[in-house]
Structures are given as C-alpha cells and as structure tokens.
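> Below are the sequence and a predicted model; questions follow.
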2 protein chains.
Amino acid sequence: MSEVAKIRVDGQRLWGSIMAMAEIGPGQHGGSCRLALTDADRDGRDLFIRWCEDIGCVVSIDDMGNIFARRAGRNNELAPIVAGSHLDTQPHGGKFDGIYGVLAALEALRTLHAHDVTTEAPVEVVVWTNEEGSRFAPAMISSGVYAGLFEKSYAWSVSDSDGNSLGDELKRIGYMGAMSCGSNPIGALLEAHIEQGPILEAENQQIGVVIGGQGQHWYDVRLKGQDSHAGSTPMPGRHDALVAAAEMISMVQALALEFAPQAVGTVGQMSVMPNSRNTIPGEVFFTIDIRNPDDKVLEEMAAQIEGRVVAIAERHGVECELDEIWDKAPVKFDSDCIAAVAEATRSLGYTHRQMVSGAGHDACQVCLVAPTSMIFVPCAGGLSHNEQESAEADDLEAGCNVLLHAMLKLANRGGT
Amino acid sequence: MSEVAKIRVDGQRLWGSIMAMAEIGPGQHGGSCRLALTDADRDGRDLFIRWCEDIGCVVSIDDMGNIFARRAGRNNELAPIVAGSHLDTQPHGGKFDGIYGVLAALEALRTLHAHDVTTEAPVEVVVWTNEEGSRFAPAMISSGVYAGLFEKSYAWSVSDSDGNSLGDELKRIGYMGAMSCGSNPIGALLEAHIEQGPILEAENQQIGVVIGGQGQHWYDVRLKGQDSHAGSTPMPGRHDALVAAAEMISMVQALALEFAPQAVGTVGQMSVMPNSRNTIPGEVFFTIDIRNPDDKVLEEMAAQIEGRVVAIAERHGVECELDEIWDKAPVKFDSDCIAAVAEATRSLGYTHRQMVSGAGHDACQVCLVAPTSMIFVPCAGGLSHNEQESAEADDLEAGCNVLLHAMLKLANRGGT
C-alpha cells in the first residue's frame, strides 16, 4: 500500500466544522435556518472561505455566487477534480443536508494539506448557491445555470416571497463574483451527502454508491373560486377553492401510491385567501412535487396529475392554472466516477450498496456537463428537511474518507 | 294616517353615507378592508361620530369600544330603542355588511331630526366592536361581552396574528371608553343587514323579517406529523400533516351535505409549516365552522366532526388537537320586535318573507339579554364577505324605512 493510500481524514475536525457552521443561522429546535442569500448565508460563506484560505486555497466566486476554493496540483492545466455541495438550508432544516458535502470536501483538502500531498490535477471545494429552492424557486438554480439548464438572466430575476430578486440579494450580501458562471471547467464532480432517506440505516450499510438520480416535476397550482359568507351561502352554490385543493392533495397522495414503491408525490407549500375563518376561500395556491427514477413512469405520472387536477377543478366549479415550473429527467452518473467511489469504498472496507438518489442534488444538474457521482451516508430515521436531522460521526468520517480517496484516484488519473 | 306614519328616509343620503364610509380602508377590488381596531377602523368610527354629533346626538363609548349615539326622547327614563350593527369588515370585505345596519340607523335618526320628530323613549345608534372576528377571534366579541357571553378580561386578552391584544388595540386607537360594557340598558335592538345569502333575490322579495339565527360551532385544529424530505421519504413512512388536513376538509364538506339543506360547514383559514415545496408538511393549523338552525342537528354535526377528525388523524399517524373555541345555540328573536318589523313592512307595502339568519350577527348575541329582531334586504347573488358584495339602493332604502317605522313603533309603545 502506498503512503497516500494510508492517509485518513480527521473525523473529529470534520464534526467540529459542521457544528461550528451550525452556530450560524440556528433553528429554534436544534437544526438550521440559513436560507439562501440571507445575512446568515453570507456569514456561513465568509466562515467557509476563511477556512479555505487558512490551508492556502485560492478562492474564486462566479456571478451566481458559486464558490470554488482551489488547491493547486502538479499540472494546473488539467481540469480540477471538484467536490462540494451547498451551505443554504430549509426554513426548518438540519445541520447536515448540503453542509456535510461542503465540509467533507474541505476536510479532504485539509487532510491533503496536513500530509503535504499534492495531486496531479488541482482539487477544488465548491459551494453551490440556493440549492434548497425554499427561498428562491426553482431549487439547484446555480448548479443549473452552470449546467446550462437555466439562463443566468432568468436565475437573477427569480424572487422570494417579499419580492427580492436573487440577483439583488447576491449583490446585497457581496457574493456576485466576477467569474462568469459555467466558464470554469470541472474535470469531475463528487458530492458527499446524507442519504435523506431510510434505506442505508435500515440495511445497516455505511456507504451508498450513487449511480443516478430520480427525475422530478414541479408544479404551481392556482385555484380561483369565489369568496363568500360561510354562514349564509348554501353548500350547493359554493365555489370553494380550498375544498377543490383538498381533493387535489388527496389525489397527489393516491397517485404516488398507485406507482409504488419508487414514486413519491408531495404538496409542501400552500396559501389560502382571504384566510378568514368565516369566509369561504376564494383563492388557493399550492405546489406539487412528483418524482420517479424511471423516465417513462414519471411522464405517465405527470400526465395523470395534469388530467386529474383539471377534472377536479371543473367538478368544483373553480378556475385552475396549473404551471409546470420545472421538470428534470432522471439522470445516470458517470461510470468512471462511480467506479472511483466504489473502489475507494471497497479498499477502505466499508459496507455499502448501490442506490439512486431520491432527492435532487447539485450533482444531478452538473452531471449533464461534467463526469459526476455521489456518496451517501446514513442519517437517523431517514429524516431530512427537519431540524431533528442527524447523522453519526463515524458514518460522516467514513463518507469523507471515501470522498478523499475517490478524489485522489480521479485527480491522479494519468499521473503516477 | 298620522303625520309621523308618512315620513320616509332619504335613500340618496343613505347611499351617499355608505359610499363615504367605503372610502376609508378601501379594498383592492372595489370592496373594503377595514379590520377591527386598525387605523382605518378608527377613522371610520371618527367619521360616524361626527355625523351623529351633527344631528345633536350624545355619544357614549363603553370599555369594549362599542359606540352608542343617543337622540333624546320625551321620557329619558325609558330604556332606549337601539339600532345598529358594525363598521369593521373582512380582509376582502364588502361595502355593505354591517355598515348598512349602522348607517341605516343613522339615516333613521337623521330623518327624525329633519322632521323634528321626538319619540317617547330615546333612540340610539350602536356600533359593535369586532363583529367579523377575522382580526380577533371569536367574532361578535363585544356584543358577546354586552350579553354576558364572554368575560371582559378574556375579550381584552384575545390577540391578532401579530400578537397584539384587543385591549391594547382599543387603547391604541382611543376607543376604550369609560362606560362599563353591558351597564347601559337596551329597551329593544333592531339590526338591519344585507341577507348575505341568495334567498330574497331568488324569490324577488324586498324585505326579510328575521325570526332567529342559526347556531354555530367554531373549531381550531392543529395537526402535528413530521417534516421530512419530499424526494427521499417513501410514501408508506410519511406523517404528512397536510394530507391528513386535506381529508378533514373533504370530510367537513361531505358532512354538511349529509345534513342538507340547512347545514353548512366551512374551512376558511389554514396555515402549513414549514411551507416549503420540497418538504413534507410537519404541521398544519386550520379552522372549522359548522352551522344549523336546529339545536339537535347542530349537536349531532358537532359530535360527527369530533369523531371523524380524530379517526382521520389516527389513520394518517399524525397528532391532533381539536379545540372548540366557540359555540352558539340557535336563537329565536323577540315576538314584539318581530311584530314591529312585520307591521312596518306591511304598512309600507314591501314584498317580504320570514327567514332565519344564516350568518351570525351582533343581534344574535344581544337577543339573550334584550328584545331583538333583524331586517334583511337582498344582496346581489347572495354574495358577501367578498369585495364584489353589492345591494340595490332601492332595497337599502326600503329596509331603512322598515327600520325607521319599527323603531318608531317600539319607541312610542305606551306613549301617545
């Protein structure tokens, strides 16, 4: 075994970094609330950059606010091997979703630094802007711009619920960089992440070697009935937008169960107007999220959603606007990247299985323009997007060791 | 016919007053947004008091902010004959709901003033505070305190969604009066109101002689499931509070239809947490409003609601808190007051029918402690709690003439 093959990350240092980041934008119930491009997000980014500069990395920021921290290689003409994820969280988010991927990549570079190991190609840590999509929809917008899925002008124009645009908020927090998003090459991208599902824990596996990601469709639904008095409007004459919405929510649930076991369907966001207890709701807005790893099944689900929403609206006498605001086909990751992860996992002796990602990730966008794979580690109860989200330090360390050695393998390809 | 029997209100003056009041706190779509105890509500109250003082009325304000504007009678030892309603509106409210009842009573007093008619008992216009209940629940809280249904300390303590208490807001706008609520006697109370339902218009009747009101139950429902990731949480392991809520909304609708044609059931207000499109909702709050004119049927509906809500929550694996925050038995109005309204209607030659009020009104509270009835006039399409709410000037004038002559009849009882 070579000397380099024997190096390991410092699991305690990794854990400490995650806990330090969680002190910025803490949630009310032990998790995190660090929404994209808020002051808390800025403070988290600033801390991350300080850490990178402490180990001699050179930091570049693009005009979508994506951060690339580079550790030079022997041959800096080669495209870098990049690892990372995102630092923004859900409103009731956990301490690990995204943050682990960024800080595991940082820990890999810290380990190279501590052991004075220089790779053939340069290695980089990336932080993608607004992965969660909970402040600015759609999610993964900046990795999407990098991958050519969204126009930059569109991405800058999307607004939060207070009407602040993403572009203005990038400038406000000082993270609209000079580099044009997508102009810097990526030789390969690896993203470590908690599974956010129950499978690894249930099967007692430490590592998920991720071979691809589910496809998904996102819809905005706007229903318009008629506000009217709750006491004196007989049931038959009503145009109750919330009663129609309720039936649609039940329909989304039923549809996902019809396509079991791989399909999921969720209504996560909703608002009711005028939202007064003795007025029949005249307007309702809600979102639909459906996902499936099989393209054909996903398209069939989408067709069913669209047909059933319209039929329910008609039955209840309410007007309906159904906008598909985003869709993403299922993706397959790069075979060399998958092999690098699988080989590192085996050589480190961790239990593992192959899997498909249920959640969307920045890696599922960038894989369209660069070789990519992911590394999953278990999280307690499969729980994520929840302040109670948790993961074991041992598993986080194992995933980080896999990341380090997969990066080494990819960065030293063609080298000695 | 006596000279007094011939006097009529000025329909144009009445219409002008309603339109002038609507300029305070206008809605975005032609209606009104003058929530209880806001600055707009204060401005509306100020204008009303100016109008009353212009015709020599003496204004008293009680410590629930209820306003009583008195026109002296010949015998001021007699309890006054009172007419009025409320000036607050729903968030997307109309120009007539409540306002008509206040300004019709003012118009009746203006007519007495113009014709220099003095009644035996004094006559008063009343404005009740926070009838709508959309800023501070429960509705009709101040007429409720007057009627002994609520403790004053409780009423002062209820808060809006920003945490401002009703008592503090009363003080803030300068309407916490010196008189103790309930201490001033009411000889009889008449409330003119738009029907807020479709019956008079459908039957082409000008006046509804109201003999009583529906009973109602109000519930707050809080569901607690588990926030979790929308992509990677398989359907069977979910605890989706919104899916459970959707089934409950459909259940409320179905229940009201089971008790057709008199029953109504409505979910008007709802909030979803964390309200993010790719997170399974862990918490939902919503309200239920059920009404029926028959006490036994209403109690059966309430028992069904309570049983079914619990069963649905259990089936979906979510915790459930169901609080009945308010209940009100059906009411029957006073036979003398009903007779005064019916007689005035007949002598004026208006088409009319008897009816039960579908909506709750301040009169439905005060009737527990004072003789009471109501006068309904048609509104377009039965539409209310909606900015498009509208009524014909002729119908408003007719209802106001009925109010004037019913007041005269009651105020001159025992007189000459």
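Okay, I see it.
> which residue packs closest to residue A:279, ignoring adjacent ones?
Among residues not flanking residue A:279 along the chain, residue B:385 sits closest, at 4.1 Å (CB to CB, 6 or more residues apart in numbering or on different chains). To be clear about C-beta, it is placed using only N, CA and C from the backbone, and glycine gets the same treatment.
> Give the helix, strand or coil label for residue A:51.
helix (DSSP: H, G, I helix; E, B strand; the rest coil).
> Surely it touches residue A:17?
Yes: counting by CB atoms under 8 Å, residue A:17 is a contact partner of residue A:51 at 7.1 Å.
> joint contacts of those two?
Common neighbours of residue A:51 and residue A:17, counting by CB atoms under 8 Å, 6 or more residues apart in numbering or on different chains, are residue A:106.
> For the residue nearest to residue A:218 when sequence neighbours are not counted, grab phi and psi.
Closest residue in space to residue A:218, ignoring its immediate chain neighbours: residue A:326 at 4.2 Å, by CB to CB, 6+ apart. When quoted as degrees, to the nearest 10, the phi and psi of residue A:326 stand at phi -170, psi 140.
> What's the per-residue pLDDT of residue A:326 here?
Per-residue pLDDT puts residue A:326 at 87.
> Go ahead and confirm it touches residue A:138.
Yes: the pair residue A:326 and residue A:138 qualifies as a contact (CB under 8 Å) at a distance of 4.3 Å.
> Show me whatever sits in contact with both of the two.
residue A:218.
> tell me which element the residue nearest to residue A:279 falls in.
Take DSSP states H and E as the rule and residue B:385 turns out to sit in neither a helix nor a strand.
> gap between it and residue B:347?
33 Å (CB to CB, to the nearest Å).
> Could you do residue A:166 as well?
Counting by CB to CB, the gap from residue A:166 to residue B:347 is 69 Å.
> quick one, which of these two is more surrounded?
residue A:166 (25 against 14; other CB atoms under 10 Å in any protein chain shown).
> Could you look up the SS state of residue A:261?
With three-state DSSP as the criterion, residue A:261 reads coil.
> Just give the nearest non-adjacent residue to residue A:223, would you?
residue A:241 (4.2 Å).
> what sits against residue A:306?
residue A:322.
> Where does it sit, in terms of helix or strand?
Using DSSP H and E, residue A:306 sits in helix A:295-315.
> how about the residues of the stretch 1-150 of chain A near chain B?
The stretch 1-150 of chain A comes close to chain B at residues A:90, A:91, A:92, A:97, A:132, A:133, A:134, A:137, A:139, as judged by CB under 8 Å from any CB of the partner chain.
> of these, buried ones?
With burial judged by 16 or more other CB atoms under 10 Å in any protein chain shown, the buried subset of the residues of the stretch 1-150 of chain A next to chain B is A:90, A:91, A:92, A:97, A:132, A:133, A:134, A:137, A:139.
> any idea which of those is closest to residue B:24?
Using CB to CB, residue A:91 is the member of these that sits closest to residue B:24, with 36.9 Å.
> For that closest one, give its distance to residue B:278.
For residue A:91 relative to residue B:278 (CB to CB), the value is 11 Å.
> and for the two, which residues touch both?
Common neighbours of residue A:91 and residue B:278 (CB under 8 Å, 6+ apart) are residue A:134.
> pLDDT weak spots in chain A?
Within chain A, the segments meeting pLDDT under 70 span A:1, A:414-416.
> Can you show me the helices along chain A?
Secondary structure of chain A, counting by DSSP state H: helices at A:3-6, A:11-22, A:39-54, A:99-114, A:141-146, A:152-157, A:166-172, A:199-203, A:241-258, A:295-315, A:335-348, A:363-366, A:393-411.
> okay if I get those as a markdown table plus distance to residue B:31?
Shown next, in a markdown table, are those (distance: least, CB to CB, whole Å):
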| stretch | distance to residue B:31 |
| --- | --- |
| helix A:3-6 | 73 |
| helix A:11-22 | 48 |
| helix A:39-54 | 39 |
| helix A:99-114 | 48 |
| helix A:141-146 | 38 |
| helix A:152-157 | 33 |
| helix A:166-172 | 34 |
| helix A:199-203 | 53 |
| helix A:241-258 | 18 |
| helix A:295-315 | 25 |
| helix A:335-348 | 60 |
| helix A:363-366 | 46 |
| helix A:393-411 | 56 |
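> Could I get the phi/psi values of the residue in the stretch 251-400 of chain A that chain B sits nearest to?
As assessed by CB to the nearest CB, chain B sits closest to residue A:358 within the stretch 251-400 of chain A, at 3.1 Å. Dihedral angles of residue A:358 (phi, psi; degrees, to the nearest 10) stand at phi -80, psi -30.
> Enumerate every residue touching the residue nearest the centre of chain A.
In chain A, the residue lying closest to the centroid (CA atoms, centre = their mean) is residue A:361, at 3.8 Å. Taking CB under 8 Å, 6+ apart, we find residue A:361 in contact with A:85, A:131, A:140, A:191, A:193, A:213, A:374.
> Check residue A:108 too.
Contacts of residue A:108 by CB under 8 Å, 6+ apart are A:9, A:83, A:123, A:400, A:403, A:404, A:407.
> Repeat that for residue A:45.
Residue A:45 touches A:67, A:87, A:127, A:173, A:175, counting by CB under 8 Å, 6+ apart.
> got a winner among these for most neighbours?
For the contacts of residue A:45, the largest neighbour count, defined by other CB under 10 Å, is 32 neighbours, found at residue A:127.
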